[in-house]
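> Structure for the following, please:
(chains A and B)
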Number of protein chains: 2
Amino acid sequence: MTGPLNPPPRLLMGPGPITVDPRVLQAMSAQLVGQFDPWMTATMTEVMDLYRHVFATANEQTLLVDGTSRAGIEAALVSLIEPGDRVLVPVFGRFGHLLVEIAERCGAEVHTIEVPWGEVFAPEAVEAALVAVRPRIVALVQGDTSTTMCQPLEEIGAICRAHDALLYVDATASIGGNPLLTDAWGLDVVTAGLQKCLGGPSGSAPITIGPRAVAAIGARKHVEAGIRAEGDQDAGVRIASNYLDLAQIMDYWGPRRLNHHTEATSMLYAARECARLLVEEGLEAAIARHELHGRAMLHGVQGLGLEVFGDVAHKMSNVVAVRIPDTLGASGGDAVREALLTDFGIEIGTSFGPLHGMVWRIGTMGYNARRDAVMTTLAALEQVLRAAGVPVSAGGGVGAATEVYQ
Amino acid sequence: MTGPLNPPPRLLMGPGPITVDPRVLQAMSAQLVGQFDPWMTATMTEVMDLYRHVFATANEQTLLVDGTSRAGIEAALVSLIEPGDRVLVPVFGRFGHLLVEIAERCGAEVHTIEVPWGEVFAPEAVEAALVAVRPRIVALVQGDTSTTMCQPLEEIGAICRAHDALLYVDATASIGGNPLLTDAWGLDVVTAGLQKCLGGPSGSAPITIGPRAVAAIGARKHVEAGIRAEGDQDAGVRIASNYLDLAQIMDYWGPRRLNHHTEATSMLYAARECARLLVEEGLEAAIARHELHGRAMLHGVQGLGLEVFGDVAHKMSNVVAVRIPDTLGASGGDAVREALLTDFGIEIGTSFGPLHGMVWRIGTMGYNARRDAVMTTLAALEQVLRAAGVPVSAGGGVGAATEVYQ
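Numbering: from 1, shown residues only, chains lettered A, B, ... in the order given. Modelled structure (predicted):
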């Protein structure tokens, strides 16, 4: 007989998911209330308002998609893209490739521009591609954990508007730890997840949908048979997914409260607490906290004598890619991660694609953007590297972090 | 500032979601472990094995889709259906219409047969439609909460095989409370949810996929760019969804552990505990419990002098549709539900489509398939009906239920 759940203690210092804030775990253990209970309706309205703060937006259509952050991405793309649409994806890491992949499955004619992993795009490069491709939609990752880079977005919204394109942004890895101003930057749709800087578990995808995107998606609304009312007219090209159909999901969250999926209430509780934690702390304070602890980790690994990968000036505050020392050999990087996990209960991340075997990724995000988490990780890493024969300066990591904190 | 989460106490006696078993809430409050941690991998393997018991199957491909039960339905259909495929949907309630809706969005040529709400299909009727339509796929609901009916499936699997069709079954509302034998009945794909007889919250969709369906889905595998390895060949017509692509999700749960979504670990913990509760109790004992308490509720509402809707011989054990007495008038049904909620903290369900305003739906499922839940609901219903002017026999509901229990 399978025993009771008893996960081992872990300090999750990878690129996410990370250790969940205990307040979020507590919220998830609250009992359910019925889906159309007045309290539930009021709570959903509260959640919408909380996430308007998180996304820095006044968008009425700010809600949760019931699934992981990837469900939010696909909901945005499948609801925006009509088969044959031209979509431009500037790719600077793995999650750019994911946007390409999803857009293709939605039937888009996808065009890409690329920079080497570890770099970001200049706004001019994006504009030149817009001129050349004339896309209906631009899909862009803000923070790509595969490379740790954070794409500057301040100017991209205006550029897309000037060229009459809708701008979708995947902010899963960056939101809450790096500035993201949906309205000020003119982002049409932004999606997120809980499992990075928001300090929650994966499984709920907050999304905000601006007026231009609401109009485009609403023009494709087909209310499903069985709950359709008189006056519901089918319009436009039907959205290819039912589960991720934002036109119906907006009706479900809106005043009509039209039945769609059965709300994943425990995940809604988690999402609510994540946003409450962020609003309580203050968005700017949370971003400053991620910047501080991210900088301490960055200086710490450099203080150990390790090299950092990529354009550090454009790195997300909440994750750093550390070059695996050559002396470790082909499988040495994994052996270090394994020793950290086994001997210290600390998880750091491996990497994908062109960076596989070349870098570790160390996160300082959400609940783990904390001094003790940074210091403990650096102390443990020093011990493990020394044991593996890597020359490290004794106390160099913790010392460099301490200097940042002083 | 939005305050801490503090849901009001509710006894959820509707058609689901229902009150979550406290052990499941407790499991969800466990801390996360990394996605590729050896403990996590072992836990995912455990969950697969637990759900083989739940589905009564030896299918290797028995896993969770990260989303509500509707995500599981769409994952099954979008992964099986190629555009232009003929799909047969026997419709006997709202969730049959949902299968039609989703199959259409997948590009299927959908054919339906229908019986009036409150009835089920004779196997001969399904076979005649198979002969006429020659579908590649048959999609069928087992238990449709909209009508409370439970479609007999014992013979349908063999009929589909004889006519070379794949059989998909949505068992969300029925599993754990009514017999479901995936292998013995020859069901190719079955999906479920936690929020009914399994006593959990919505947000995770268990699924089992038999060898014929695995072959059909595997023949369409396209591993996404960014994690594709040498030797990964694209095959067949690409599945239209990435998030709900079972070919990739099987690789993610399988020995290859190929990265796909970020596991919704808290929901996996919930799903694990739901299955553990069921296996501990024993599947047959759980079904017998639902039968007992469902019968007590059925006799109870009849003992109050109320009429039951539909073909009672084919009703699911875990939900009953009760005709709203004519004396209550047009909005009287909702007033009764509201009084139950306000004065007693008990939720019962409204209804959809042709039954809207005509019946209430009362569930006895999962954690709430309990004697005290049945007795309390009947006692409260008696009081509320009497106050609303409906002639009810004093003690008639509780008395009839007591007789069932004796």
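> does the residue nearest to residue A:262 when sequence neighbours are not counted belong to a helix or a strand, and which?
Nearest non-adjacent residue to residue A:262, counting by Cβ to Cβ, 6 or more residues apart in numbering or on different chains: residue B:202, 4.2 Å away. (Glycine included, C-beta is placed from N, CA and C.) Residue B:202 belongs to no helix or strand when assigned by DSSP states H and E.
> which residues touch residue B:202?
Neighbouring residues of residue B:202 by Cβ atoms under 8 Å, 6 or more residues apart in numbering or on different chains: A:66, A:261-265, B:17, B:68-69, B:193-195.
> Could you tell me which of these are located in helices?
When those are checked against helices (DSSP state H), the matches are A:265, B:69.
> Which entries within the contacts of residue B:202 meet the buried criterion?
Among those, those classed as buried by 16 or more other Cβ atoms under 10 Å in any protein chain shown are A:66, A:261-265, B:17, B:68-69, B:193-195.
> what about the helices in chain A?
A:22-28, A:38-55, A:69-80, A:94-105, A:123-133, A:156-162, A:211-218, A:246-253, A:265-281, A:283-303, A:332-344, A:371-387, A:396-405.
> Does anything pack onto the second one? Which helices or strands?
This points to helix A:38-55. The contact analysis (3 or more Cβ pairs under 8 Å, 6 or more residues apart in numbering or on different chains; DSSP states H and E) places helix A:38-55 against strand A:61-65, strand A:205-209, helix A:265-281.
> Get me the contact residues on the stretch 101-250 of chain A for chain B.
Counting by Cβ under 8 Å from any Cβ of the partner chain, the stretch 101-250 of chain A comes close to chain B at A:101-102, A:104-106, A:146, A:193, A:195, A:201-203, A:224-227, A:238-244.
> do that again at 6 Å, thanks
Selection of the stretch 101-250 of chain A residues close to chain B by Cβ under 6 Å from any Cβ of the partner chain yields A:101-102, A:105, A:195, A:201-203, A:224-226, A:240, A:242-243.
> hmm, which of those residues are the buried ones?
Going by neighbour count (16+ other Cβ under 10 Å), those have A:101-102, A:105, A:195, A:201-203, A:224-226, A:240, A:242-243 buried.
> Kindly indicate which of the residues you listed lies nearest residue A:8.
residue A:201 (16.7 Å; Cβ to Cβ).
> Tell me how far the closest one lies from residue A:86.
Applying Cβ to Cβ, to the nearest Å, the value for residue A:201 to residue A:86 is 36 Å.
> what about residue A:67, distance to residue A:273?
Taking Cβ to Cβ, one finds residue A:67 at 19 Å from residue A:273.
> Can you pick out the residue with more neighbours from these two?
When neighbours are counted by other Cβ atoms under 10 Å in any protein chain shown, residue A:67 and residue A:273 differ, and residue A:67 comes out ahead with 33 against 27.
> Am I right that residue A:273 is in contact with residue A:27?
Yes: with contact defined as Cβ atoms under 6 Å, residue A:273 reaches residue A:27; the gap is 3.8 Å.
> quick one, what contacts the residue of the stretch 301-406 of chain A found nearest chain B?
In the stretch 301-406 of chain A, the residue that lies nearest chain B is residue A:347 (4.4 Å; Cβ to the nearest Cβ). Applying Cβ atoms under 6 Å, 6 or more residues apart in numbering or on different chains, we find residue A:347 in contact with A:10, A:12, A:14, A:341, B:34.
> In strands, which of these appear?
The strands, defined by DSSP state E, take in residue A:12 from the contacts of residue A:347.
> what's the neighbour count on residue A:258?
Residue A:258, neighbours per other Cβ under 10 Å, totals 18.
> I'd like to know how far the residue lying closest to it once chain neighbours are set aside sits from chain B.
Sequence neighbours aside, residue A:251 is the residue nearest to residue A:258 in space, at 4.1 Å (criterion: Cβ to Cβ, 6+ apart). According to Cβ to the nearest Cβ, to the nearest Å, residue A:251 stands 14 Å off from chain B.
> what does residue A:184 give?
23 Å.
> tell me the phi and psi of that residue?
Note on residue A:184: backbone dihedrals following degrees, to the nearest 10 are phi -60, psi -30.
> Can you tell me how far the nearest residue to it once chain neighbours are set aside is from residue A:334?
Spatially, and ignoring its direct neighbours in sequence, residue A:184 is nearest to residue A:56 (6.9 Å; Cβ to Cβ, 6+ apart). Residue A:56 is 39 Å from residue A:334, where distance means Cβ to Cβ.
> Of these two, give the one with the bigger neighbour count.
Applying other Cβ under 10 Å to residue A:56 and residue A:334 shows that residue A:56 carries more neighbours, namely 19 against 14.
> which of the helices and strands packed on helix A:38-55 sits most buried?
Sort these by mean neighbour count, taking mean count of other Cβ atoms under 10 Å in any protein chain shown, and strand A:205-209 sits at the top with a mean of 28.
> ok and that one relative to helix A:211-218, angle-wise?
Here strand A:205-209 runs at an angle of 100 degrees relative to helix A:211-218 (axes from the mean of the first three to the mean of the last three Cα atoms, to 10 degrees).
> The spatially most central residue of chain A: what's it in contact with?
Nearest to the mean C-alpha position of chain A, counting by Cα atoms, centre = their mean, stands residue A:172 at 1.1 Å. The contact partners of residue A:172, by Cβ under 6 Å, 6+ apart, come to A:69, A:192-193.
> near chain B, which residues of the stretch 301-406 of chain A?
Taking Cβ under 6 Å from any Cβ as the contact definition, the stretch 301-406 of chain A meets chain B at A:347, A:353.
> rerun at 10 Å
Residues of the stretch 301-406 of chain A lying close to chain B by Cβ under 10 Å from any Cβ of the partner chain are A:337-338, A:341-342, A:347-350, A:352-354, A:356.
> JSON lines please, covering the contacts of residue A:172 and showing distance to residue B:394 and pLDDT.
Shown next, in JSON lines, are the contacts of residue A:172 (distance: Cβ to Cβ, whole Å; pLDDT from 0 to 100):
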{"residue": "A:69", "distance to residue B:394": "56", "pLDDT": "98"}
{"residue": "A:192", "distance to residue B:394": "56", "pLDDT": "98"}
{"residue": "A:193", "distance to residue B:394": "55", "pLDDT": "98"}
